[in-house]
Structures are given as C-alpha cells and as structure tokens.
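Colleague: Provided below for reference: sequence and predicted model.
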Amino acid sequence: MSILLAAFGAIGGDKIQLSGVAVLSTGNGSQTATYTLESDGDVVTATTDGGSVDAGDWIDPKAAAPSDYEVQATLNAGTLTSGTTGSWLALSSNRSWTLTRATVGTATQVDLTIEIRRGSGAVLASANVTLDAERLA
C-alpha cells in the first residue's frame, strides 16, 4: 500500500480525512484487493495474502457520529467485482469496494475517487484509490 495524497475537512469538532492508496494483491490462486470505510471510522485495506490492514481513520475523533456522513465512489477506470459506485451511501454501515482476479494473467486494475460528505452537504474529503489484482498461477 502506498500513500498518494490526503484531503481533510472539518465540521464542528469532527475532522474528516482520506488518504489515497494503491492496494495490490498478487500471487498464486485467485487474488482480491479491497478498500473499506468502516462505520466505526476505520479505513481498512485487504489483500488475499496480506490480510486486512488498518490504514487509518476517516473521522477524528472516532467517538463522533459516523452515521451523520455519506460516501460516494466514482469509477474512473476498470470494472469492480463488488461495491456500489455513483450513489451516496450512509456510513452507518461498512462500505467496501473489491477487485478479484480469478484467472491467470495480466493484472486487473480499478481506479476510484472516494468522497465523504455530511448529510447532503459539500464534499469534505476525497481521495484516489487504486485496486490491483494479479493471479500469477
């Protein structure tokens, strides 16, 4: 995972932040790369062989009300295996975007823009997320 950029916004005492990441899953067997914003405020990345990694917090303090916020993913390139794009979704539930490569071959890549807002307000933070999955054998 590599950090590409960070965006911050603040409402009241809540600080909303996202960091751009590249999640790469490569190896033998089916490979999956996942990016998740959790309802408890965590950002989690996961790969087939690397497991889940806490990549930070999207809200600070985490004791704030994550359910007051919404996320939207915009698909810039590629095709997701799962995850909703183009709609604002409440962060009262975990929201994940996943790419899986089940057949041997060249890496498959997805490029997303993730945005967070409070209610129907202005976007407070955005970041680019790249998911890569490559099955070697």
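Modeller: Alright, I've got the coordinates. Numbers count the residues shown, from 1 in each chain.
Colleague: what's opposite residue 18 in the beta bridge?
Modeller: Per DSSP bridges, residues listed as beta-bridge partners of residue 18: residue 7.
Colleague: right, and it touches residue 126 too?
Modeller: Yes. With contacts counted by CB atoms under 8 Å, residue 18 reaches residue 126, the gap being 6.4 Å. All C-beta spots, glycine's among them, are computed from the backbone N, C-alpha and C.
Colleague: next one: the closest residue to residue 107 other than its chain neighbours from residue 91, what distance?
Modeller: Excluding its sequence neighbours, the residue lying closest to residue 107 (CB to CB, 6 or more residues apart in numbering) is residue 134, at 3.7 Å. For residue 134, the distance to residue 91 (CB to CB, to the nearest Å) stands at 30 Å.
Colleague: pick out whichever of these two has more residues nearby.
Modeller: residue 91 (24 against 17; other CB atoms under 10 Å).
Colleague: follow-up on the earlier one: got the buried residues for the helix or strand containing the residue nearest to residue 107?
Modeller: Using DSSP states H and E, residue 134 sits in strand 123-135. For strand 123-135, a neighbour-count test (16 or more other CB atoms under 10 Å) marks 124, 125, 126, 127, 128, 129, 130, 131, 132, 133, 134, 135 as buried.
Colleague: on that earlier part again, isn't the residue nearest to residue 107 up against residue 30?
Modeller: No. Taking CB under 8 Å as the definition, residue 134 is not a contact partner of residue 30, at 10.9 Å.
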